[in-house]
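Engineer: I need the structure of the sequence given here:
(one chain, ligands or ions: 1)
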Amino acid sequence: NELRVGVVGAGAMGADHIARITHRTSGAAVSAIIEPNPDRAAAAAESAPGTATFTRIEDAIDAGTVDAVLVATPGQFHFPVLEPALDARLPILCEKPLTQDSTSSWAVLEQEQKLDRPHIQVGFMRRFDPEYRALRDVIAAGDAGELLMLHCIHRNPSVPESYLQRMLITDSVVHEFDVVPWLAGSPIKTVEVKFPRRNTLAPERLREPILVLMELENGVLVDVEMNVSVQFGYQVAAEAVFESGIAHIGQPSGLQLWQGGRVSTAEHTSFVTRFADAYDAEVQRWVDAVRAGTLVDGPNAWDGYLVSRACEAGIAALEGGGIQSIDAPARPSFYA
Ligand code: ISE
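Structural biologist: As a prediction, the model looks like this:
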């Protein structure tokens with residue numbers, strides 16, 4: 001029987017997930033849309049006929065219409081949704097970040113540990129991107145020797161008005177904070193933020209781009225160019241430097257066109273297309289895991305907690321400067 005998914009939040013990401021589950025995911029259907037904004041709720045319901053709409057998750061749960069929950073609201077609204085969903089023992093796919101800070105993420109872990117097994121998967125979709133997976137395999141296989149450095153590029157054409165300075169860390173670099181330790185097989189030890197010249201095309205409230213430097217426990221050094229006003233497109237790429245080789249991921253791909261004395265290749269303009277395959281795989285594997293009873297097949301709430309600690313160090317580095325260290329507690333056996 002099909003998994004009945006309640007989608008919380010019908011903004012850009014929620015609408016994308018609703019379309020995905022409705023048209024591309026097998027074994028699942030959207031049964032409820034939880035969205036306080038009536039226009040957004042109506043538009044979303046029209047795209048997924050037969051779904052009920054609610055303004056509060058508690059009402060959707062009480063109506064008995066959902067077997068699992070996909071949380072796609074902005075990060076600051078995750079915590080109040082996770083609480084009732086865990087209370088109802090529902091499996092959850094929560095978009096990144098898990099919550100806005102490590103104290104509330106810890107509270108989520110404590111609540112989850114009252115259940116029989118992990119119920120929350122966190123939406124770090126890069127782990128499902130074919131190129132990131134291939135790079136991780138190259139690192140693990142060691143064919144090019146040990147990994148020495150990672151140069152990461154994270155560029156957005158522009159950001160919405162709701163995007164504030166701290167979100168360079170909590171909304172954007174949050175992805176590197178998850179995917180880099182996963183790639184390199186080593187946790188983050190320190191974080192530092194440097195400021196190059198400011199891009200005058202950035203909104204006035206933002207001082208960016210920024211350069212984020214990380215040292216991992218295993219000695220690998222990582223730099224991240226975080227740049228959200230590049231105008232020309234959406235680019236997420238990385239170069240891995242090994243002892244006896246180099247690997248690149250995230251280069252523009254597809255049709256190359258030679259015309260008028262130029263060579264061109266189409267570039268993405270949004271994460272929705274750049275990571276479409278990753279989102280598809282992420283949601284399908286989550287649905288399969290929930291139907292199989294394992295509930296999680298990807299980053300879990302413990303991973304989300306570690307990222308929240310890295311974000312706190314990142315914000316301290318962004319606002320106060322200096323090299324900030326991260327010392328996370330040991331992983332509870334519940335998440336082994
Ligand atoms: C956005 O929220 C995302 O998650 C994207 O992956 C990221 O590239 C962007 O910077 C964020 O604002």
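Engineer: from here on, just use CA atoms for contacts and neighbour counts.
Structural biologist: Will do.
Engineer: assumed residue 232 was part of a helix.
Structural biologist: No: Residue 232 is assigned coil when assessed by DSSP: H, G, I helix; E, B strand; the rest coil, not a helix.
Engineer: the stretch 201-336 of the chain: strands as residue ranges?
Structural biologist: Ranges of strands in the stretch 201-336 of the chain, per DSSP state E, counting those that start in this stretch, are 210-216, 221-227, 235-242, 246-249, 256-259, 262-265, 324-325.
Engineer: out of those strands, the one nearest residue 305 is which?
Structural biologist: strand 324-325 (15.8 Å; Cα to Cα).
Engineer: near the ligand, which residues of the stretch 151-300 of the chain?
Structural biologist: 156, 171, 172, 271 (Cα under 6 Å from any ligand atom).
Engineer: can you list the low-confidence ranges for the stretch 1-150 of the chain?
Structural biologist: Under the criterion pLDDT under 70, no range of the stretch 1-150 of the chain is flagged.
Engineer: if we can go back for a sec, include mean pLDDT when you put the strands of the stretch 201-336 of the chain into a markdown table, please.
Structural biologist: Converted to a markdown table, these look like this (pLDDT from 0 to 100):
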| stretch | mean pLDDT |
| --- | --- |
| strand 210-216 | 98 |
| strand 221-227 | 98 |
| strand 235-242 | 98 |
| strand 246-249 | 98 |
| strand 256-259 | 96 |
| strand 262-265 | 95 |
| strand 324-325 | 98 |
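Engineer: Throw those into CSV and include mean neighbour count, thanks.
Structural biologist: As requested, the strands of the stretch 201-336 of the chain are exported to CSV (neighbours: other Cα atoms under 10 Å):
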stretch, mean neighbour count
strand 210-216, 21
strand 221-227, 20
strand 235-242, 19
strand 246-249, 15
strand 256-259, 10
strand 262-265, 10
strand 324-325, 20
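Engineer: can you say which of these is nearest to residue 15?
Structural biologist: Nearest of these (Cα to Cα): strand 235-242, 22.2 Å.
Engineer: sheet-wise, list the partners of the closest one with their directions.
Structural biologist: strand 147-155 (antiparallel), strand 246-249 (antiparallel) (DSSP bridges).
Engineer: what residues does that strand touch?
Structural biologist: Residues from elsewhere that reach strand 235-242 (Cα atoms under 8 Å, 6 or more residues apart in numbering): 144-156, 246-251, 267-269.
Engineer: and residue 265, what is it in contact with?
Structural biologist: 252, 253, 254, 255, 256, 257.
Engineer: and which of those residues is nearest to the ligand?
Structural biologist: residue 252 (15.6 Å; Cα to the nearest ligand atom).
Engineer: count the residues that sit near the closest residue to the ligand within the stretch 51-200 of the chain.
Structural biologist: Nearest residue of the stretch 51-200 of the chain to the ligand, counting by Cα to the nearest ligand atom: residue 172, 3.9 Å away. If you count neighbours by other Cα atoms under 10 Å, residue 172 ends up with 19.
Engineer: name the SS class of it, please.
Structural biologist: Residue 172 is classified as helix under three-state DSSP.
Engineer: next, the contact list for it, please.
Structural biologist: Per Cα under 8 Å, 6+ apart, neighbours of residue 172: residue 226.
Engineer: distance check, it against residue 13.
Structural biologist: 15 Å (Cα to Cα, to the nearest Å).
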